[in-house]
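Trainee: predicted structure and sequence below. I'll ask about it afterward.
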Amino acid sequence: MSLQIKTLDEYRQVYTRSVADPEGFWAEQAAEFQWKKPWKQVLKWNFREPRIKWFLGGKLNITENCLDRHLEKRGKQVALIWEPNDPSKKARKITYKQLYAQVCQFANALKAQGVKKGDRVCIYMPMTPELSVALLACARIGAIHSVVFAGFSAVSLADRIKDAHATVVLTSDYNARGAKNIPVKTVVDEALGLGCDTVKTVIVHQNTGDPVKMMEGRDIWWHDAIKGKRKSCKATTMDSEDMLFILYTSGSTGKPKGVVHTHGGYMVYTDFTFRNVFQYQEGDVYWCTADIGWITGHSYILYGPLLAGATTMMFEGVPTYPDAGRFWDVIQRHKVNIFYTAPTAIRALMAAGDQWINNRRMPSLRVLGTVGEPINEEAWHWYNEKVGKKRCPIVDTWWQTETGGILISPIADVTPTKPCFATLPLPGVQPCLVDASGKEITGNDVEGMLCIKFPWPSILRTTYGDHERCRTNYFAAFKNLYFTGDGARRDADGYYRIIGRVDDVINVSGHRIGTAEVEDAINKTPGVVESAVVGFPHDIKGQGIYAYVIVNDRLEDAAAFRQKVVDTVTKQIGPIAKPDKIQIVSGLPKTRSGKIMRRILRKVAEGDTSNLGDISTLLNPEVVEEIKVGASRV
Ligand code: WT7
C-alpha cells in the first residue's frame with residue numbers, strides 16, 4: 001500500500017528514516033508502481049559534475065502508471081474534468097478508460113508522423129484536454145515533450161524550439177482566455193518563420209474553430225492526424241533515466257534553460273508528494289488552477305494526480321472571467337475537495353471585494369494549497385477565513401521547476417501550519433541554510449541561502465544541451481550542495497519561511513523572469529543605449545518589473561517611447577514580462593569595474609531612498625541623485 005502519512009509523529013518517524021536510509025525509503029515508494037524491469041541500484045550520485053541517477057537499470061513507462069494501471073479498478077472513474085473558459089459551455093468529463101484511448105490514439109498519430117523515441121516535440125497549446133493528451137502521448141512513445149506556455153511570444157517560442165531541436169510542434173487554432181481569443185497558431189507560424197529548420201510537422205487542434213491558415217505539407221489537423229488510428233498503443237520501454245520532458249525556465253543570466261526530468265524518479269516523487277501533501281482521498285475532486293505550461297501543471301495537474309488515480313480538473317479560463325466569483329462557482333459546481341492556487345490569484349480576488357465570496361457555501365473544500373511565490377500575511381488570512389472558513393489547512397508548498405515536485409510544505413492535517421511558512425521538509429528532502437561563504441548555518445532562528453544536501457528522486461538531471469550550465473547554475477555556488485536561488489529563514493520551531501530570490505530573478509505573479517532577459521529585450525527597442533531591470537513590491541503581482549533605461553537622444557515623446565519599450569518586450573518575451581514602470585535616466589550607478597549597482601536601483605524602485613549605503617565608491621555617484629528625483633515622477 002502506498003504510504004500516506006497521517007500524524008505528526010508518523011511524519012517525524014518517516015522523515016528520520018528517509019534521511020537515515022534514503023535508498024531503502026525510496027525503493028519502498030517505487031515498489032508501488034508497474035515496472036517493466038526492476039532497477040538494479042536505487043541511487044548513484046555526485047553533486048560535483050553533477051551526475052544523479054535514480055532506480056538505475058529500471059525499465060518503465062510513466063503513462064502505464066498513469067493510465068493502464070488504473071483501468072481495471074477505475075476505468076469508469078473520471079480522470080479529467082475540463083472546465084471551459086465560457087461558463088455557459090458544458091464541462092467535459094473524461095474517464096480513465098477514455099483518456100487511455102485518446103492518449104493511445106494520439107500516440108499512434110505521432111508515430112504515423114514519424115515521431116520516434118528520443119525526438120523532441122514542442123507543445124504550444126491552451127488549456128484544453130488535448131493538451132494533456134499531447135503530453136501523455138509523447139511520453140507513451142518515448143518522445144520528449146517540451147511545453148511552452150501559450151502566453152510566450154513567437155520569438156521566445158522559436159528560441160525554445162531551436163534549443164531543443166524539436167521536429168514537431170503541437171498547437172491549437174485559438175486560445176480562449178477570458179474575453180480574448182488569442183491566435184495561437186499564428187504565433188507558431190511566426191516562430192517557424194524565425195529559422196526553426198528542424199520542424200517538419202505542425203499538428204493543429206481545432207479548439208475554437210475560428211479560421212486559421214494551414215501550410216500545405218507542414219500543417220495537419222489533429223482530427224485528421226488521429227483518423228483511423230487505433231485506440232491502443234504499446235507503451236515504449238523507457239529507462240528510468242531516459243528523458244521525460246524539457247521545461248524552460250529563467251535564471252539570472254542569459255536565455256532560459258531547458259530543465260530536464262526523467263521517467264523513473266519524477267514518477268515516484270510526484271506521486272508520493274501529491275498523495276501526501278494534499279492528503280488525496282479516493283473519490284476526491286482535485287483542482288490546481290495552474291497552466292500546464294509551467295511545472296506546477298506538469299506535476300500537479302497531470303502526472304501526480306493521474307499516478308495517484310485521482311480526478312483532476314483543468315480550467316481553460318482566468319479567475320476574473322466572467323467575474324471575480326468564477327473560482328467559487330467552479331468549486332461549488334464540481335464539488336472540489338482540494339484546491340491549489342497561487343498567491344497572485346488570491347490577492348487579485350481579495351482586491352475585487354468580498355462580495356464575490358461572501359455568502360458562498362463551499363462545503364466540499366477540505367484542503368487549500370498555495371504555490372509559486374511567498375504569500376503575504378493578509379492574503380494567507382483571507383484564504384484561510386474567506387475560502388477555507390477556517391476549517392481547511394493551507395499547504396504553502398515551496399518548490400521549483402528544477403525540483404520537479406514539492407520539497408518543503410506542510411502535510412495537510414498533519415503539520416501544524418503557520419501563516420506564510422512552508423514549514424518542514426518532506427521525507428527525503430534535506431534542506432540547509434548557508435552564508436555567503438558557503439558555511440552551513442546551524443541552529444534555529446536563523447536566516448540564509450537555501451540549499452539542499454542530498455538528491456531526491458525528481459531533482460533535475462541536466463539543462464538540455466548544456467550540462468555545464470546546469471553545474472554552474474545549481475551546483476557550483478556551494479560545494480556539494482544544490483543551490484535553490486532562494487533566501488529563507490528557519491524559525492525557533494525549525495519551520496522554513498521562504499523570503500524570495502537572492503539572485504537576479506524576479507517573481508511576477510508567480511512567474512519567474514530573469515532580469516537579464518528583460519534587459520536584452522528592452523535593449524532591442526530603437527533608441528535604447530542600456531537598461532537595468534529590478535523587481536519592486538506590487539500589491540497584486542507580488543513583484544512588478546521596474547526598468548531603468550538610458551536613451552541615446554533627447555526624447556520628444558516619453559509616453560510613446562515607453563509604449564515602444566513595452567511593445568518590444570511583449571514581442572521578445574510575452575506580455576508577462578512587460579515592465580510596470582519605466583524610468584528614463586542619463587546613467588546607471590556603476591562600480592569602478594563597470595558593474596551595475598542593483599542594490600541601489602532596487603532600493604529606489606522600492607521607494608526607499610533613506611539609506612542607500614555608501615555610494616562614494618561609485619564611478620558616477622552623481623547619477624544617484626538624478627535617479628532618486630526621477631523615480632518620484634515615474
Ligand atoms: C521559485 C520557483 C514550483 C512551482 C511554481 C514556480 C518561488 C515557489 C514558493 C512558495 C515562496 C515560492 C521561489 C522558487 N516559490 N513556491 N511556496 N513560497 N516562494 O516554479 O517558476 O520554477 O519558480 O518560485 O522563489 O525559487 P518556478
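Mentor: Noted; the coordinates are in hand. As the structure is a prediction and not an experimental result, all values here were calculated from the model.
Trainee: which residues of this protein lie near the ligand?
Mentor: With Cβ under 6 Å from any ligand atom as the criterion, the chain meets the ligand at residues 249, 294-296, 371-374, 396-401, 422, 484-486, 498, 500-501, 507, 512. Every C-beta, even on glycine, is put in place using the N, C-alpha and C of the backbone.
Trainee: what sits against the residue of the stretch 101-250 of the chain found nearest the ligand?
Mentor: Closest residue of the stretch 101-250 of the chain to the ligand, Cβ to the nearest ligand atom: Thr249 (5.2 Å). Counting by Cβ atoms under 8 Å, 6 or more residues apart in numbering, Thr249 touches 256-257, 259, 295, 400-402, 512.
Trainee: how close does it sit to Asp486?
Mentor: Thr249 is 14 Å from Asp486, where distance means Cβ to Cβ, to the nearest Å.
Trainee: quick revisit: got a pLDDT number for the nearest residue to the residue of the stretch 101-250 of the chain closest to the ligand once chain neighbours are set aside?
Mentor: In space, and not counting its chain neighbours, Thr249 is closest to Thr401: 4.2 Å by Cβ to Cβ, 6 or more residues apart in numbering. Listed pLDDT for Thr401 reads 98.
Trainee: what about stretch 116-136, average pLDDT?
Mentor: 98.
Trainee: quick one: it to chain centroid distance?
Mentor: How far stretch 116-136 lies from its chain's middle: 16 Å, per Cα atoms, centre = their mean, to the nearest Å.
Trainee: on that earlier part again, which among the residues of the chain next to the ligand count as buried?
Mentor: 249, 294-296, 371-374, 396-401, 422, 484-486, 498, 500-501, 507, 512 (16 or more other Cβ atoms under 10 Å).
Trainee: now, those that are in helices?
Mentor: In helices, defined here by DSSP state H, the members of those are 295-296.
Trainee: mind listing which of the buried ones among the residues of the chain next to the ligand are in strands?
Mentor: Assigned to strands by DSSP state E, the following of these qualify: 249, 371, 396-397, 484-486, 498, 500-501, 507, 512.
Trainee: which pair of those spans the longest distance?
Mentor: Distance extremes for these: the farthest pair is Thr249 and Asp396 at 20.7 Å, using Cβ to Cβ.
Trainee: doesn't Ala521 belong to a strand?
Mentor: No: Ala521: not assigned to a strand; according to DSSP: H, G, I helix; E, B strand; the rest coil it is helix.
Trainee: give me the number of residues near it?
Mentor: Other residues near Ala521 come to 26 when the count uses other Cβ atoms under 10 Å.
Trainee: any idea how far it is from Ile81?
Mentor: Ala521 sits 37 Å away from Ile81, going by Cβ to Cβ.
Trainee: ok, back up a step: closest one of the contacts of Thr249 to Gln4?
Mentor: Nearest to Gln4 among these is Ile295, at 23.2 Å by Cβ to Cβ.
Trainee: how about that closest one, what does it touch?
Mentor: 247, 249, 259, 399-401, 404.
Trainee: which residues touch Arg51?
Mentor: Arg51 sits next to 44-45 when contact means Cβ under 8 Å, 6+ apart.
Trainee: if we go to 10 Å?
Mentor: Residues near Arg51 by Cβ atoms under 10 Å, 6 or more residues apart in numbering: 44-45, 461-462, 467.
Trainee: quick check on these: which are buried?
Mentor: 461-462.
Trainee: for the nearest residue to Gly254 once chain neighbours are set aside, give me the pLDDT.
Mentor: In space, and not counting its chain neighbours, Gly254 is closest to Ala516: 6.3 Å by Cβ to Cβ, 6+ apart. Ala516 is assigned a pLDDT of 95 by the prediction.
Trainee: element containing Ala516?
Mentor: helix 515-522 (DSSP states H and E).
Trainee: list phi and psi for Ile301.
Mentor: phi -110, psi -40 (degrees, to the nearest 10).
Trainee: list the contacts of it.
Mentor: Counting by Cβ under 10 Å, 6+ apart, Ile301 touches 80, 127, 131-132, 135, 286-292, 294, 312-315, 340.
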